[in-house]
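*Asks:* When you get a sec, could you give me coordinates for this:
(one chain, ligands or ions: 2)
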Amino acid sequence: MTPHDPVSKIAAAIPPDIQELCQRFQDAGHQAWVVGGAVRDVLLGRPHGDWDLASSARPEQVQACFRNVIPTGVEHGTVTVLWKGEPVEVTTFRGERGHTDGRRPDEVFFCDNITDDLSRRDFTVNALAFDPLSKQLEDPFDGQGDLQRQQIRAVREPLERFLEDGLRSMRAVRFSATLQFAIEPRTLSAIPKALEVFQKVARERVRDEFLKTLTAPKPSTALDVLRTTGMLAHICPELLQSVGCAQNSHHAHDVWNHMLHCLDVAEPTPVQRLTALLHDVAKPVTRERSDKTGDYSFYGHEKVGAGTARRWMRAYRFPNDLTDEVTHLVRHHLVAYQSLWTDAAVRRWMHRVGTEHTHALLEFARADTRAKGVPVQEDLALLDELQSRVQRELDSGTAFTLKQLAINGRDLMAELGWPPGRHIGEALQSLLEHVLDHPGDNERATLLDLANRQRNSP
Ligand code: ATP
Ligand code: MG
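*Replies:* Ligands and ions are numbered 1, 2, ... in the order given. So this is what the prediction gives:
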């Protein structure tokens, strides 16, 4: 055997703790196989997450064998064993029968061999199992061949599998994005025929797979698959309007293709990728031909788009802080910086977008600029310039928020004897505006004096 053969490769990758755990199962008279993503990723030489086990032991038998067992999903045969301080998911060999709702199997039944268990799994590259004790690799559907061919292929009959569980269509796209594999043609052509079932899947489940798709190395290919299979019409129909929506002289691509390029060049974080996906979502509905230039303009698309982004992210129950951040970036993604901006103009921009967002905004603006498909060296240099001016302002300790002013409302009441009321907030706001123009005035005595004078001026 060469050191590169699959069996030695997996055997060498399995941590001693997992090996010992499998031994404990065997000592108790059960089988335990390492399954799914870990085996696949080791064969691909990719970093991988958890070591999941499939076992002949029933959940109650696992609970009897180990002291620390969490009943994670006993009705589906899954428990979590806390082994040497680490959680390991153990699922009893099982099959599924009947999927009348396209979501959950009507019946889950336990079976007694790994091959039957592998046959209920979604894709051949995920239907691999390894027994670390006998060093046996179980691969009944030629998952290794598909790893070599770099393709996602359904286990058994694609259409049947997609009709059983609507999420699998989305998972096919997700794995093709994260592994950068193609979807095998028969598997791909089954997806449009299973759309009715895909529609029934809970949005949270679609969201989780979609987010993994978006944060993959090059999501554009996956987005095109979502569009051509008809899935995108259910996930986010607003985005479809951008297909073929021509732009203006600043852009080489239509809105859709610009968005795809932007996705690929944006940093692979949820915030940046979701912003890339949604930043121009309202361009099609705001497009107008300008009388002046004869070219298209998209006046207000960032405002309308922020509304669309918020509604869509809420519908998919993204976490609130992520929704707020993405919506805010969409709202302010147009950075119209020019070198002739005064320092005060830079500070006003920072105040408007919030100093905690400037970094993310500039990062996104770079991706947005690079995705235009026209020469952008100058635009990128301008963004670098703005970045360093922003940094200089941050380092200087200037006030950008009411909190950072040298005085607060209590000072106005205590020192100047002002009664409480709305005028306190208004005065502080106007002092902040003043300080943005004159940062040197952010001192207690100066601000109190200014407040006094402003109040007494007619
Ligand atoms: P990742 O590294 O992204 O976690 P994974 O392969 O471990 O990839 P999971 O979603 O964690 O993916 O699922 C674990 C295993 O369970 C899969 O490898 C697959 O064999 C099986 N599986 C998960 N979801 C489904 C499904 N909807 N239908 C069929 N099999 C599934
Ligand atoms: Mg996993």
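
*Asks:* Please list all residues in contact with the closest residue to ligand 1 within the chain.
*Replies:* Taking Cβ to the nearest ligand atom, ligand 1 has its nearest neighbour within the chain at residue 37, 2.5 Å off. All C-beta atoms are positioned from the backbone trio N, CA, C, and that covers glycine. By Cβ atoms under 8 Å, 6 or more residues apart in numbering, residue 37 lies in contact with 48, 49, 50, 52, 126.

*Asks:* ChimeraX command for the buried members of those?
*Replies:* Those of the contacts of residue 37 that count as buried under 16 or more other Cβ atoms under 10 Å are selected in ChimeraX with:
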select :48,52,126
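
*Asks:* The contacts of residue 37: which ones sit near ligand 1?
*Replies:* Applying Cβ under 6 Å from any ligand atom to those, one finds that 49, 126 fall near ligand 1.

*Asks:* Next step: the contacts of residue 37 restricted to strands.
*Replies:* Of these, the ones assigned to strands by DSSP state E are residue 52.

*Asks:* Hmm, which of the contacts of residue 37 is lowest in pLDDT?
*Replies:* Least confident entry in those, by pLDDT: residue 49, with 83.

*Asks:* Just give the closest residue to it, not the sequence neighbours.
*Replies:* Spatial nearest neighbour of residue 49, excluding adjacent residues (Cβ to Cβ, 6 or more residues apart in numbering): residue 37 at 6.4 Å.

*Asks:* This structure against ligand 1: which residues are in contact?
*Replies:* 36, 37, 49, 121, 122, 126, 165, 167, 168, 171.

*Asks:* Most neighbours among those residues, please name it.
*Replies:* residue 168 (27 neighbours; other Cβ atoms under 10 Å).

*Asks:* Let me see the contact set for that residue.
*Replies:* 122, 154, 161, 162.

*Asks:* Return a ChimeraX selection command for the buried portion of these.
*Replies:* To isolate the buried subset of those in ChimeraX, counting by 16+ other Cβ under 10 Å, use the following:
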select :122,154,161,162
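
*Asks:* and which of the contacts of residue 168 is nearest residue 451?
*Replies:* Within these, the smallest distance to residue 451 is 66.0 Å, found for residue 122 (Cβ to Cβ).

*Asks:* wouldn't the closest one be in contact with residue 156 here?
*Replies:* No - using Cβ atoms under 8 Å, residue 122 makes no contact with residue 156, being 10.3 Å away.

*Asks:* on that earlier part again, farthest pair in the residues of the chain next to ligand 1?
*Replies:* Most distant of the residues of the chain next to ligand 1, by Cβ to Cβ, are 49 and 165, 21.3 Å apart.

*Asks:* Spell out, range by range, the strands that occur in the stretch 151-300 of the chain.
*Replies:* Applying DSSP state E, counting those that start in this stretch to the stretch 151-300 of the chain gives strands spanning 151-152, 182-183, 288-289, 296-297.

*Asks:* residues making contact with the second one?
*Replies:* Under the contact criterion Cβ under 8 Å, 6+ apart, strand 182-183 has outside partners 150, 151, 152, 153, 172, 173, 176, 191, 225.

*Asks:* Quick one: mean pLDDT for it?
*Replies:* For strand 182-183, mean pLDDT is 98.

*Asks:* Return the distance of that strand from the chain's centre.
*Replies:* 21 Å (Cα atoms, centre = their mean, to the nearest Å).

*Asks:* same check, this time on the first one
*Replies:* Counting by Cα atoms, centre = their mean, strand 151-152 is centred 22 Å from the centre of its parent chain.

*Asks:* While we're on the residue nearest to residue 49, how confident is the model there?
*Replies:* Reported pLDDT for residue 37: 95.

*Asks:* per-residue confidence averaged over stretch 273-284?
*Replies:* For stretch 273-284, mean pLDDT is 96.

*Asks:* what's the span of it from first residue to last?
*Replies:* For stretch 273-284, the first and last residues are 20 Å from each other (Cα to Cα, to the nearest Å).

*Asks:* Check what contacts that stretch and list those residues.
*Replies:* Counting by Cβ under 8 Å, 6+ apart, residues outside stretch 273-284 touching it are 211, 214-215, 219, 236, 238-239, 241-242, 245, 247, 255, 258-259, 262-263, 266-267, 298, 300-305, 307-309, 312-313, 318, 322, 326, 329-330, 333, 364, 367-368.

*Asks:* Same question for stretch 9-20.
*Replies:* Contacts of stretch 9-20 (Cβ under 8 Å, 6+ apart): 3, 34, 39, 42-43, 51, 53, 83-84, 86, 88, 130, 132-133, 135, 137.

*Asks:* and if we set it to 6 Å?
*Replies:* By Cβ atoms under 6 Å, 6 or more residues apart in numbering, the residues outside stretch 9-20 that reach it are 42, 51, 84, 130, 132, 135.

*Asks:* Could you pull up the mean pLDDT of that stretch?
*Replies:* The average pLDDT for stretch 9-20 rounds to 96.

*Asks:* how about it: buried residues?
*Replies:* Quick answer for stretch 9-20 (16+ other Cβ under 10 Å): 9, 10, 11, 13, 14, 18.

*Asks:* next one: stretch 115-133
*Replies:* 117-118, 120-132.

*Asks:* Find out how far that stretch is from the centre of the chain, if you would.
*Replies:* 28 Å.

*Asks:* For it, output the C-alpha coordinates as CSV.
*Replies:* Presented in CSV, the C-alpha positions along stretch 115-133 are these (Å, rounded to 0.1, in the frame of the first residue of the first chain):
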residue,chain,number,x,y,z
THR,A,115,-24.5,-0.1,3.7
ASP,A,116,-28.2,0.3,4.3
ASP,A,117,-27.4,3.4,6.4
LEU,A,118,-25.3,4.9,3.6
SER,A,119,-28.1,4.4,1.1
ARG,A,120,-30.3,6.9,2.8
ARG,A,121,-27.7,9.6,2.6
ASP,A,122,-27.9,12.5,0.1
PHE,A,123,-24.8,12.4,-2.1
THR,A,124,-22.3,9.8,-3.0
VAL,A,125,-19.4,11.8,-1.6
ASN,A,126,-21.2,11.9,1.7
ALA,A,127,-22.1,8.2,1.7
LEU,A,128,-18.6,7.0,2.7
ALA,A,129,-17.8,5.2,6.0
PHE,A,130,-14.6,4.0,7.6
ASP,A,131,-14.1,1.5,10.3
PRO,A,132,-10.9,2.6,12.1
LEU,A,133,-10.4,-0.9,13.7
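
*Asks:* just the helices in the stretch 301-450 of the chain please.
*Replies:* With DSSP state H, counting those that start in this stretch, the ranges of helices along the stretch 301-450 of the chain come out as 301-315, 320-331, 343-353, 358-370, 377-395, 409-416, 422-437, 444-456.

*Asks:* mind checking which of the ones you listed is nearest residue 146?
*Replies:* Once these are compared by Cβ to Cβ, helix 358-370 is nearest, at 32.7 Å.
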